[in-house]
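Participant: Build me a structure from this.
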Amino acid sequence: MKWRTKSAVSGRGSAPKNAPPPARKPRQVTYGGAGTIHHTGTVDVEVDAGVVVAVWFRCHLLPFTATDVDPIRSLEMFKAYKDPWANAPIHSIVFEEED
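Facilitator: Below is the predicted model:
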């Protein structure tokens, strides 16, 4: 029992018997890098008659929210894409698996 700490032996520092189990951390999965057959560095957005129907990164569907914007916001985003950092390639995405 040399490897046990004093608190583990005496029970100090442990959770009460009726305490709920600790929250489980979501499992993280990295998609992309060199592990996929496609090596695009962009997100693909599929549009049908002006309506976004799908968003993809390589072969993986991504969750999305389509939002109609006013002309001012549209111009702001058009200008934002002129920034070189806005066009940096995406190499991988980390997904969190939820319960």
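Participant: residue ranges for the helices of this structure, please.
Facilitator: The residue ranges that make up the helices of the chain, judged by DSSP state H, are 6-10, 71-80.
Participant: Go ahead and name everything in contact with the longest one.
Facilitator: This points to helix 71-80. Contacts with helix 71-80, where a contact means CB atoms under 8 Å, 6 or more residues apart in numbering, come from 69, 86. Just so you know, the C-beta spots here come from the backbone N, C-alpha and C atoms, and that holds for glycine as well.
Participant: Just the buried positions in that helix, please.
Facilitator: When neighbours are counted by 16 or more other CB atoms under 10 Å, no buried residue of helix 71-80 is found.
Participant: just stretch 55-65 next, same as before
Facilitator: With burial defined by 16+ other CB under 10 Å, the residues of stretch 55-65 counted as buried are 55, 56, 57, 58.
Participant: Return the helix or strand in this protein with minimum mean pLDDT.
Facilitator: The weakest-scoring helix or strand in the chain, judged by mean pLDDT, DSSP states H and E, is helix 6-10 (a mean of 48).
Participant: quick one, strands of the protein?
Facilitator: Read by DSSP state E, the chain holds these strands, from start to end of the chain: 27-32, 43-48, 51-57, 60-61, 92-97.
Participant: Would you reformat the ones you listed as a markdown table and include distance to residue 71 and mean pLDDT?
Facilitator: Putting those into a markdown table (distance: least, CB to CB, whole Å; pLDDT from 0 to 100) gives the following:
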| stretch | distance to residue 71 | mean pLDDT |
| --- | --- | --- |
| strand 27-32 | 34 | 77 |
| strand 43-48 | 19 | 90 |
| strand 51-57 | 18 | 91 |
| strand 60-61 | 30 | 86 |
| strand 92-97 | 31 | 82 |
